[in-house]
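K.L.:
My questions are about this predicted structure, shown below with the sequence.
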Protein chains: 2
Amino acid sequence: MSVEIRSAAASDLPAMMVLVRELAEYERLSHIVIATEASFEAALFGERPTAEALVAIADGEMVGYAIYFQNFSTFVGRAGIYLEDLYVRPKRRGAGIGKNLLSRVAQITVERQCQRLEWVVLDWNEPSIQFYKSLGAEPLDEWTIYRMAPEAIAKLAGA
Amino acid sequence: MSVEIRSAAASDLPAMMVLVRELAEYERLSHIVIATEASFEAALFGERPTAEALVAIADGEMVGYAIYFQNFSTFVGRAGIYLEDLYVRPKRRGAGIGKNLLSRVAQITVERQCQRLEWVVLDWNEPSIQFYKSLGAEPLDEWTIYRMAPEAIAKLAGA
C-alpha cells in the first residue's frame, strides 16, 4: 500500500467530515460536534484561514488527516505549531500512516522555525500516549486546561 | 485608581518584556525564557502577526497584560480564543485588573463569534484556579498536553 500525504483541498471536505465524526466517536465526544462542511471550508480555505490540514490518501481513499495551526508562546517569544487532530481510520492503523502525517507536521514546524510542537491527548487513550512518547513527546503534567463555554463568556464580557 | 485597558502598541514592548519576565519568575519558568523584544515585535506587530496583546495602564504605568491568539476546534468547526498569558503585577492585585483584562478578552471572543475561550493554569497556582472557577471556567481534567522539543521535532521531521 502506497500512502500519499498532501495538503487538503476544498474537494477533500466531504470525506474529511466523515473522518472527523469517526474521531469524535472514538473520543466519546460526538455530542459536542457542531462543525459543518461550510464552517470547515471557512476555517481552512476562507479569506482568513485559522487552521491548515493534511490528508493521507491510500488506494484513492482518504485514510487519515491532521489539522494544525500556529500558536504562540510568550516565553519562547514566537509561534509554535499546535496539532489539533491526528486521525487514522481503524482499519488502516499499524501501517505507519499516523507517523507519516506527524512527520510531515514536524517538517512544517522546522520549516517555520518553530521551537515547539504541541497537542493534547485524552488520559485514557493509552495507545496514542505510548505512540507519542515513543517519538519523544513529553506530557506537561503540571498544567491543566481551563475552558469557558459561551454562557460564561457572555457573562464575563458584560461584567 | 483608574485603569485603562487598551490594545498594545509597539512602544509598549520594553515595559511588557519586564512584566513577561516577572510572570516567568512567578511561574518558576525563568530558565525557559528566550523571548526578546525583537521576537515579540515580529509576533505581535510583524507582517503576519501570530498573537495579539492588551495592556492595563494605571497612573501612566503598565500594571498588567494579556496575550491571546485564535485557535481552532475541529469539533466546533471554527476558531476560538486561546489566552496565552494573563498577568497583573503583585502590588496591583485585588483591584479587579485581571478581571478587567479577561472581560475585554471575553468581549473580543463574543465579537468574533467564537464558542470557546481557553487557557492553561499551573496545578499549584491555587489563587488563579479559584479566580478562574469563580468566573465559570471549567478544568478539562481528562486531557493532558504533550510537547515536542526541537531535538525530537528534528528527528521526527527526518523520519
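P.N.:
Received, thanks. Just so it is clear, the structure is predicted and the values come from calculations on it, not from any experiment. Residues are numbered from 1 along each chain as shown, chains lettered A, B, ... in the order given.
K.L.:
How about the most centrally placed residue in chain A: what's its closest non-neighbour residue?
P.N.:
With distances taken as Cα atoms, centre = their mean, residue A:85 lies nearest the centre of chain A, 2.0 Å away. Nearest residue to residue A:85 in three dimensions, chain neighbours excluded: residue A:67, at 4.5 Å (Cβ to Cβ, 6 or more residues apart in numbering or on different chains). (C-beta placed from N, C-alpha, C; glycine too.)
K.L.:
now do residue A:124
P.N.:
residue B:142 (7.6 Å).
K.L.:
quick one: contacts for that neighbour?
P.N.:
By Cβ atoms under 8 Å, 6 or more residues apart in numbering or on different chains, the contact set of residue B:142 is A:122-124.
K.L.:
Now that residue A:87 has come up, it's in contact with residue A:16, right?
P.N.:
No: counting by Cβ atoms under 8 Å, residue A:16 is not a contact partner of residue A:87; they are 9.6 Å apart.
K.L.:
Could you tell me which residues touch both of those two?
P.N.:
residue A:65.
K.L.:
Which one (most neighbours) among the contacts of residue B:142?
P.N.:
For the contacts of residue B:142, the largest neighbour count, defined by other Cβ atoms under 10 Å in any protein chain shown, is 16 neighbours, found at residue A:122.
K.L.:
Could you report the pLDDT at that one?
P.N.:
Looking at residue A:122, its pLDDT reads 96.
K.L.:
who touches it in this structure?
P.N.:
Contact analysis of residue A:122 by Cβ under 8 Å, 6+ apart lists A:27, A:128, B:142-143.
K.L.:
Mind putting these into a markdown table with distance to residue A:108 and secondary structure?
P.N.:
Shown next, in a markdown table, are the contacts of residue A:122 (distance: Cβ to Cβ, whole Å; DSSP: H, G, I helix; E, B strand; the rest coil):
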| residue | distance to residue A:108 | secondary structure |
| --- | --- | --- |
| A:27 | 24 | coil |
| A:128 | 20 | helix |
| B:142 | 28 | coil |
| B:143 | 23 | strand |
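K.L.:
what's the closest of those residues to residue B:155?
P.N.:
Nearest to residue B:155 among those, counting by Cβ to Cβ, is residue A:128 at 18.9 Å.
K.L.:
Does the residue nearest to the closest one when sequence neighbours are not counted belong to a helix, a strand or coil?
P.N.:
Leaving aside its chain neighbours, residue A:128 sits nearest to residue A:121 (5.4 Å; criterion: Cβ to Cβ, 6+ apart). At residue A:121 the chain is in strand, as set by DSSP: H, G, I helix; E, B strand; the rest coil.
K.L.:
coming back round to it: what's the separation between the residue nearest to residue A:124 and residue B:124?
P.N.:
Note on residue B:142: its distance to residue B:124, by Cβ to Cβ, to the nearest Å, is 20 Å.
K.L.:
got a list of what the residue nearest to residue A:85 touches?
P.N.:
With Cβ under 8 Å, 6+ apart, residue A:67 has these contacts: A:44, A:51-53, A:83-85, B:72, B:74.
K.L.:
do residue A:143 as well
P.N.:
Taking Cβ under 8 Å, 6+ apart, we find residue A:143 in contact with B:120-123, B:145.
K.L.:
Looking at it now. What's its pLDDT?
P.N.:
At residue A:143, the pLDDT value in this model is 96.
K.L.:
How about residue A:32?
P.N.:
Here the pLDDT value assigned to residue A:32 is 89.
K.L.:
so it makes contact with residue B:75?
P.N.:
Yes: with contact defined as Cβ under 8 Å, residue A:32 counts as touching residue B:75 (5.4 Å).
K.L.:
Done for today, thanks.
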